[in-house]
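Undergrad: structure of the sequence below:
(2 chains)
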Amino acid sequence: MPVRVRMAPSPTGLLHIGNVRTALFNWLYARHEGGEFRLRIENTDTSREVAEAVDQIKESLSWLGLDWDGPLTFQLDRMDDCRQVADGLVADGKAYEDEGAIRFRMPDEGSTGWDDVVRGRVEIPNETIEDLVLIRSDGRPTYNFASPMEDVWDGITHVIRGEDHISNTPKQINIIRAVGAEVPVYAHVPNVSGPDGKKLSKRHGAVTVDEFRKDGYLPEALLNFLALLGWAPDGETTIMSRDELVERFLLERVSPSPAQFDYAKLDWMNGIYLRELSSQEFAHRLVMWLGENGYEWDAQRVSRAAPLVQEKIARLAEFPGFAGFLFGEVEPDPAELDGGAPMLAATEEALVSLEPFEAESIETALRAAADGLGLKPRQAFQPVRVAVTGSKVSPGLFESIELLGRETTLSRLRAAAAVVA
RNA sequence: GCCCCCAUCGACUAGCGGUCCAGGUCGCGGCCCUUUCAAGGCCGUAGCACGGGUUCGAAUCCCGUUGGGGGCACCA
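TA: You can find the predicted model right below:
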């Protein structure tokens, strides 16, 4: 039987990164096995927010490149089927009515167990499982009834989900057995917690896909990082393309112990991916990101500035802070200009009629100017950098000056000179 | 309270009885390079939670303790 897995989010908000990690394992398994990855929405009502949330979930998955197979299905559409099954269970004496609701009769003795792909044999005493409500008194099925039934109807072969579902599993297995269907294989993957071991939340940093996107992470880097949370192909490999991930992913190698989300490592990895991009592609991503985030900066200029920062930033969102001086005014801190008057003047003089006005010639001219004043490059360029870029930290000075252009550079040098004077 | 899960450097992990006085990556520290910041190169730091077994031999198997986490809804 071909493998078929699913991601079953509830449309309550933006896609959480923890859910993405679980979805990723499902997707990787499906693609590795040549099976199907289904997307099913576990909605229970028809409020307007649902439609928006569904669109956001689809948009996030698309951005990440996690494509799903077959039609998108909704729990809502199977409520009648659930009720029918519940009625049948009542007729068979396997469920009973209780104050308007329908409850499933769980076995009282023995235990319910399964061979979990990541945890091995798990056995839960039946006496600890309460009779479960199948249908609420208002007629709607509960999650623990609808979910396993949908798995049955969809022909799901492997249920790969978070470990928080472990206690639901024996309940669902009993229901599936009661309706005479085949029980799927279960794999409970470990949870992802915050850097402090607590539940990953907003105060730790980005948590939804949208936030990571806004922070300037690349989807391929995010996936690579997420894949390594609870799984590793071996003890050496860390950087893997999407294809390599698919090729090497083995569900049996997923670790049962929980992992902490390390933002610093994600940043490092994103930087690796950013630097591996061709300069054209890097520029393209920058332009796209800026466009998505409200920056109306000239694409041509952004593309020319891109090479100056490609090795310096770890996230696309750092670009404005690094290269903003090319797109707007600067306000140098007078204190950082202190003592720079001679070099500012010398620089202005050196650049006034320099030809050609290019990084290489600019460098030669400025080094000569520094030399003439008996200054070390380090101390000489500092005030010039501050005057021109507005900061002590910037892309290469000479390239920056070339890009900025003679006029703007000279006016900034004069403005700074006026301040120190 | 009851049930379940987990346990190797600060973090992610490799290790599935001897090849491990435990390897890789991030982070951190140092050095080199250097116009700032990065990037890059080199070196270094740091771990098998504890206690019992089993075995000629345990990070690897078993039991217990401790410590984390999850679940006990007419939520999903």
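Undergrad: OK, contacts around the most far-flung residue of chain A relative to its centre?
TA: Most distant residue from the mean C-alpha position of chain A: A:G372, 51.8 Å away (C-alpha atoms, centre = their mean). A:G372 sits next to A:A346 when contact means C-beta atoms under 8 Å, 6 or more residues apart in numbering. In short, each C-beta sits where N, CA and C put it, glycine included.
Undergrad: burial check on A:F249, number of neighbours?
TA: Using other C-beta atoms under 10 Å, A:F249 is surrounded by 22 other residues.
Undergrad: ok, the closest residue in space to it that isn't next to it in sequence - contacts?
TA: Spatial nearest neighbour of A:F249, excluding adjacent residues (C-beta to C-beta, 6 or more residues apart in numbering): A:L28 at 4.0 Å. By C-beta under 8 Å, 6+ apart, the contact list for A:L28 reads A:227, A:245-246, A:249.
Undergrad: adding secondary structure, pLDDT and distance to RNA strand B, write those residues out as JSON lines.
TA: Supplementary listing: those in JSON lines, determined by DSSP: H, G, I helix; E, B strand; the rest coil; pLDDT from 0 to 100; distance: C-beta to the nearest atom of the strand, whole Å:
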{"residue": "A:A227", "secondary structure": "helix", "pLDDT": "98", "distance to RNA strand B": "9"}
{"residue": "A:L245", "secondary structure": "helix", "pLDDT": "98", "distance to RNA strand B": "14"}
{"residue": "A:V246", "secondary structure": "helix", "pLDDT": "98", "distance to RNA strand B": "18"}
{"residue": "A:F249", "secondary structure": "coil", "pLDDT": "98", "distance to RNA strand B": "12"}
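Undergrad: from these, which single one is nearest A:L39?
TA: Among the contacts of A:L28, A:V246 lies closest to A:L39 (C-beta to C-beta), at 17.9 Å.
Undergrad: skipping adjacent residues, who's closest to the closest one in space?
TA: A:R31 (4.5 Å).
Undergrad: and A:E292, how many residues sit next to it?
TA: Using other C-beta under 10 Å, the number of residues around A:E292 comes to 11.
Undergrad: which helix or which strand is home to A:L226?
TA: Element membership for A:L226 (DSSP states H and E) is helix A:219-227.
Undergrad: just checking, A:S391 is part of a strand?
TA: No: if the criterion is DSSP: H, G, I helix; E, B strand; the rest coil, then A:S391 is coil and not within a strand.
Undergrad: my read is that it contacts A:G324, right?
TA: No: using C-beta atoms under 8 Å, A:S391 is not in contact with A:G324; the gap is 9.1 Å.
Undergrad: contact partners of the strand or helix carrying A:V159?
TA: Element membership for A:V159, per DSSP H and E: strand A:158-162. Strand A:158-162 is touched from outside by A:3-6, A:8, A:18-19, A:22, A:25-26, A:29, A:117, A:151, A:184-189, A:191, A:251, with contacts defined as C-beta under 8 Å, 6+ apart.
Undergrad: and those residues near RNA strand B, which?
TA: Among those, the residues that sit close to RNA strand B (C-beta under 7 Å from any atom of the strand) are A:N191.
Undergrad: so what's the residue nearest to A:E252 when sequence neighbours are not counted up against?
TA: Excluding its sequence neighbours, the residue lying closest to A:E252 (C-beta to C-beta, 6+ apart) is A:V117, at 6.2 Å. Each residue near A:V117 by C-beta under 8 Å, 6+ apart is listed here: A:158, A:160, A:185-187, A:251-252, A:254.
Undergrad: CSV please, covering those and showing distance to A:L404 and pLDDT.
TA: Shown next, in CSV, are the contacts of A:V117 (distance: C-beta to C-beta, whole Å; pLDDT from 0 to 100):
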residue, distance to A:L404, pLDDT
A:H158, 57, 98
A:I160, 53, 98
A:V185, 61, 98
A:Y186, 60, 98
A:A187, 56, 98
A:L251, 54, 97
A:E252, 56, 96
A:V254, 51, 97
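Undergrad: follow-up on the earlier one: so the residue nearest to A:F249: helix, strand or coil?
TA: Following three-state DSSP, we place A:L28 in the helix state.
Undergrad: for A:A415, see how far away it is.
TA: 55 Å (C-beta to C-beta, to the nearest Å).
Undergrad: in the stretch 1-150 of chain A, where is pLDDT below threshold?
TA: Scanning the stretch 1-150 of chain A for pLDDT under 70 picks out A:45-49.
Undergrad: how about 90 then?
TA: Along the stretch 1-150 of chain A, segments meeting pLDDT under 90 span A:1, A:11-13, A:43-52, A:76.
Undergrad: hey, where'd the strands end up in it?
TA: A:4-7, A:36-41, A:73-74, A:95-98, A:101-104, A:111-116, A:120-125, A:132-135 (DSSP state E, counting those that start in this stretch).
Undergrad: about what we covered before: from the contacts of A:V117, pick the one nearest A:A421.
TA: Nearest to A:A421 among these, with distances taken as C-beta to C-beta, is A:V254, at 65.9 Å.
Undergrad: OK, contacts around that closest one?
TA: By C-beta under 8 Å, 6+ apart, the residues touching A:V254 are A:25, A:117-118, A:187, A:189-190, A:230-231.
Undergrad: which positions in the stretch 101-250 of chain A make contact with RNA strand B?
TA: A:101, A:119-120, A:122-125, A:128, A:130, A:133, A:136-138, A:140, A:142-144, A:163-168, A:190-191, A:193, A:195, A:197-199, A:228-232, A:234-236, A:238.
Undergrad: quick one: the strands in the stretch 151-300 of chain A?
TA: Counting by DSSP E, counting those that start in this stretch, the strands of the stretch 151-300 of chain A are A:158-162, A:185-189, A:192-193, A:259-260.
Undergrad: with mean neighbour count added, can I get those strands in a markdown table?
TA: Converted to a markdown table, the strands of the stretch 151-300 of chain A look like this (neighbours: other C-beta atoms under 10 Å):
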| stretch | mean neighbour count |
| --- | --- |
| strand A:158-162 | 22 |
| strand A:185-189 | 22 |
| strand A:192-193 | 20 |
| strand A:259-260 | 16 |
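Undergrad: tell me if I'm right that A:F325 and A:S394 touch.
TA: Yes: taking contacts as C-beta under 8 Å, A:F325 lies within contact range of A:S394: 7.2 Å.
Undergrad: of the two, which one has the most company?
TA: For A:F325 versus A:S394, the count of surrounding residues by other C-beta under 10 Å is larger for A:F325: 22 against 19.
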